[in-house]
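A.B. asks: sequence unavailable; structure follows:
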């Protein structure tokens, strides 16, 4: 299923080009001069991508903290912990979701939407921007819940430089807190009363678990297979970004007349592009994460360097390296469990082009993500254009981040 | 919210009686002779309640086993474990759901619905009975997932006489398997594309977690409070039965003309009755469970006798006993943690009417549940009547069960 969708997303460019040539619809795809000028101006401004939605992300976080701690006072400490402690400024998912909302919006949202929405999760929010904020909240709830359970499953001691919740409050609280966040996400999602988004976000839950299971139970052949790695990475990281971006487009219900050209002739195509942006950005993000684990220091990363190798995981750079250096393969297959395996693996990797090829892979996915935004139908406002530029800049930031 | 709904459900009788007297609508509530005769015949047959849907419950279980083990082969053993091992014949929730489906059905479902439905969980099932079978499946998925996580949280060694999954396969697999079942439930629910049922079943998830947290974090006052106990029990046990029963009525979309009398004048009222049946049956079920923990032997129960006291839980019989015997209160407040507390508590309880009063409480809720079925609009088929009689008989069975 993910692969079919990936194929569909990736083929958009090809299809559009073919359509232009074969059916001669190029004449319909006109970009007004004003649009290009504004676009150039926006580029000139050097937009700081996250700053555009920082205030709105903060009100989403505030709503999360409020709803968790008032809903279940016993979880107040835990809520404070995972929505504040060391996690601030790391709101990649809600930022993406809100930027995508703006990118598809005809105008700047009115200022009242920058007040915290204290209606209960179970209450239907009829206003589009509030519904999109709920998706941002649901994405964050699902993300944090999966971190909590993963940390219990992996016996993690730290999470991004902060002691992990299971380490502070015990496994039981961490499991329960994760379940609570998932339940709250389900209630909030149900209250949107939009079957399509319920389908999309429930797929994310299934992907997160499938990804974890794929990682735990890979066969020897799969352990060495880059396609298996990418499928697992889609499930564990990219599906949440892809499907929450798509949910935003679904809620926006982009009508056909807003869509450019002949091939991009329906709202479905915009949904596909939003999904594809999230998918490719997520893949790029994870490959860079893999690289940083091999090249960064633990003090910068906030987690032990070489953590993946120590956990037995062969990530993209290692798999590329193993294609050149067969000595790496037995190490991968025994999940680096023998004394000295991790150090030997690092020596072997450095003899190869593994790191460089992984960088290229990340850049490849980041570029497709950026192209998806460029391929969107004509923006209807400066607000949308700035958000699009921010989404593109995030594809660069993901590649150059140091932690 | 639960209390408001409870109030609404419980007031139905009173309202109906009042309406009959005040507005004189009694004349509209006519029960055809044929109906009464058939009803009497059904009673004469002494229907074995679970046998009526046993075959259909088995095909739901078969679908569960199949979908879990083919979806994630690594979970095959776990799936076999929780959907077969010692769990057979205990399918209370899917049985209730399918009996409720029949009780609101105008005819016997065609035999093709007794073939296993192997369509994926994510695929929309347009046929009403298949959709109701999905609710049965979702209820079982949520139930088993909550057992798996509860067992990890409580460090349980056994579950109904069988070694618990966390004990056999480790906490990690148990957490992951629970998450997988929840994800599968969400996907299946989303595929029904019915917002109302998504809302109802997502509330169940929240209730399950809230109940666990209420239990873990009760204040001294709450530990001695029967209302707190009942609210917690609704969340932990009855909400799943109540909301899955209601979902069945929602899917059936009982049209107004099928509803008897003036007050029961809308499908909403049938939904309330279905919900109320599940709620009261669930409460009765749990109070009997509490009694069996105090009076049953571990070999019959399949779990250690006095398990609740040993876990620090003061259940309904203990709370009733404490109203007569103040010496029990400090023991409850320290969660029976001092040496000899459990034995002393048992001695004190036996001096009181605690056990008898808990039996009365269970009988009270079982009676309301049965009355809810009796209050349903005129059945449209023998099939529905037999299912209703079975639902009523289950309210008796719950009271007389020995394990």
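C.D. replies: Looks like it arrived, so ask away. What you see is a predicted model, and the numbers here were worked out from it, not measured in a lab.
A.B. asks: residue numbers of the stretch 51-200 of chain A in contact with chain B?
C.D. replies: A:71-75, A:122, A:149, A:152-153, A:171-172, A:175-176, A:179-180, A:182-184, A:186-187, A:189-191, A:193-195, A:198-199 (CB under 8 Å from any CB of the partner chain). (Glycine included, C-beta is placed from N, CA and C.)
A.B. asks: ok, the residue of the stretch 301-403 of chain A found nearest chain B - contacts?
C.D. replies: Evaluated by CB to the nearest CB, the stretch 301-403 of chain A has residue A:311 as its residue closest to chain B, separated by 13.0 Å. Each residue near residue A:311 by CB atoms under 8 Å, 6 or more residues apart in numbering or on different chains is listed here: residue A:154.
A.B. asks: how far away is it from residue A:320?
C.D. replies: 19 Å (CB to CB, to the nearest Å).
A.B. asks: now, of the residues of the stretch 51-200 of chain A next to chain B, which are buried?
C.D. replies: A:71-72, A:74-75, A:149, A:152-153, A:171-172, A:175-176, A:179-180, A:182-184, A:186-187, A:189-191, A:193-195, A:198-199 (16 or more other CB atoms under 10 Å in any protein chain shown).
A.B. asks: top helix in chain A by residue count?
C.D. replies: Determined from DSSP state H, the single longest helix within chain A is helix A:267-295.
A.B. asks: number of residues surrounding residue A:154?
C.D. replies: 15 (other CB atoms under 10 Å in any protein chain shown).
A.B. asks: chain neighbours aside, what residue packs nearest to it?
C.D. replies: Take residue A:154 and drop its neighbours on the chain: the residue closest to it by CB to CB, 6 or more residues apart in numbering or on different chains is residue A:311, 6.8 Å away.
A.B. asks: again with residue A:130
C.D. replies: residue A:117 (5.7 Å).
A.B. asks: what about that neighbour, which SS state?
C.D. replies: When classified by DSSP: H, G, I helix; E, B strand; the rest coil, residue A:117 comes out as coil.
A.B. asks: relative to residue A:123, how far out is it?
C.D. replies: Distance from residue A:117 to residue A:123, by CB to CB: 9 Å.
A.B. asks: higher neighbour count, these two?
C.D. replies: Between residue A:117 and residue A:123, counted using other CB under 10 Å, the more crowded position is residue A:117 (20 against 12).
A.B. asks: isn't that one up against residue A:133?
C.D. replies: Yes. Assessed by CB atoms under 8 Å, residue A:117 is found in contact with residue A:133 at 6.7 Å.
A.B. asks: what touches both of the two?
C.D. replies: Here residue A:117 and residue A:133 share the contacting residues A:59, A:63, A:125, scored by CB under 8 Å, 6+ apart.
A.B. asks: so which of the residues you listed are in strands?
C.D. replies: Among the shared contacts of residue A:117 and residue A:133, no residue falls in strands (DSSP state E).
A.B. asks: quick check: of these, which has the highest neighbour count?
C.D. replies: Going by other CB under 10 Å, residue A:63 tops these with 21 neighbours.
A.B. asks: is it true that that one touches residue A:137?
C.D. replies: Yes. Look at residue A:63 against residue A:137 with CB under 8 Å: they come within range, at 6.3 Å.
A.B. asks: flag the shaky bits of the stretch 201-350 of chain A, pLDDT-wise.
C.D. replies: Along the stretch 201-350 of chain A, the model assigns pLDDT under 70 to residues A:254-267, A:297-304.
A.B. asks: apply 50 and report the result again.
C.D. replies: Within the stretch 201-350 of chain A, the ranges that satisfy pLDDT under 50 run A:256-266.
A.B. asks: and it, which of its residues are near chain B?
C.D. replies: Residues of the stretch 201-350 of chain A lying close to chain B (CB under 8 Å from any CB) are A:202-203, A:205-206, A:208-210, A:212-213, A:216-217.
A.B. asks: quick one, strands of the stretch 51-200 of chain A?
C.D. replies: A:158-159, A:162-163 (DSSP state E, counting those that start in this stretch).
A.B. asks: rank those strands by mean pLDDT and give me the bottom one.
C.D. replies: Confidence, taken as mean pLDDT, is least for strand A:158-159 of the strands of the stretch 51-200 of chain A (a mean of 66).
A.B. asks: does the residue nearest to residue A:215 when sequence neighbours are not counted lie in a helix or a strand, and which?
C.D. replies: Once flanking residues are discounted, residue A:215 sits nearest to residue A:232: 5.7 Å by CB to CB, 6+ apart. Assigned by DSSP states H and E, residue A:232 belongs to helix A:226-233.
A.B. asks: and that helix, what does it pack onto?
C.D. replies: When contacts are defined as 3 or more CB pairs under 8 Å, 6 or more residues apart in numbering or on different chains; DSSP states H and E, helix A:226-233 packs onto helix A:195-216, helix A:267-295, helix A:316-324.
A.B. asks: so which of the ones you listed comes closest to residue B:377?
C.D. replies: For residue B:377, the closest of these is helix A:195-216, at 29.0 Å, according to CB to CB.
A.B. asks: who's in contact with the residue nearest to the spatial centre of chain A?
C.D. replies: Centrality entry for chain A: nearest residue to the mean C-alpha point is residue A:241, 3.3 Å, by CA atoms, centre = their mean. The contact partners of residue A:241, by CB under 8 Å, 6+ apart, come to A:93, A:96, A:139, A:278-279, A:281-282, A:285.
A.B. asks: likewise residue A:192?
C.D. replies: Residue A:192 sits in contact with A:124-125, A:131, A:134-135, A:198, A:251, where contact means CB under 8 Å, 6+ apart.
A.B. asks: how does it look with 6 Å?
C.D. replies: residue A:131 (CB atoms under 6 Å, 6 or more residues apart in numbering or on different chains).
A.B. asks: need the phi and psi values for it.
C.D. replies: Dihedral pair for residue A:192: phi -70, psi -20, per degrees, to the nearest 10.
A.B. asks: how much space between it and residue A:201?
C.D. replies: 9 Å.
A.B. asks: so which residues make contact with stretch A:340-354?
C.D. replies: A:306, A:309-310, A:317, A:320-321, A:324-325, A:327-328, A:331, A:336.
A.B. asks: same check, this time on stretch A:115-131
C.D. replies: A:59, A:62-63, A:67, A:109, A:113, A:134, A:184, A:187-188, A:191-192, A:251.
A.B. asks: just these: which are in helices?
C.D. replies: The helices, defined by DSSP H, take in A:59, A:62-63, A:67, A:134, A:184, A:187-188, A:191, A:251 from the contacts of stretch A:115-131.
A.B. asks: tell me the least confident of these?
C.D. replies: residue A:67 (77).
A.B. asks: leaving out chain neighbours, which residue sits closest to it?
C.D. replies: Closest to residue A:67 by CB to CB, 6+ apart is residue A:121, at 5.9 Å.
A.B. asks: same thing with residue A:396?
C.D. replies: residue A:366 is the one closest to residue A:396 (CB to CB, 6+ apart), at 7.1 Å.
A.B. asks: so which strand or helix has the one you found?
C.D. replies: Counting by DSSP H and E, residue A:366 is found in helix A:354-374.
A.B. asks: go ahead and confirm residue A:202 touches residue B:186.
C.D. replies: Yes. In this structure residue A:202 lies within contact range of residue B:186 using CB atoms under 6 Å: 3.7 Å.
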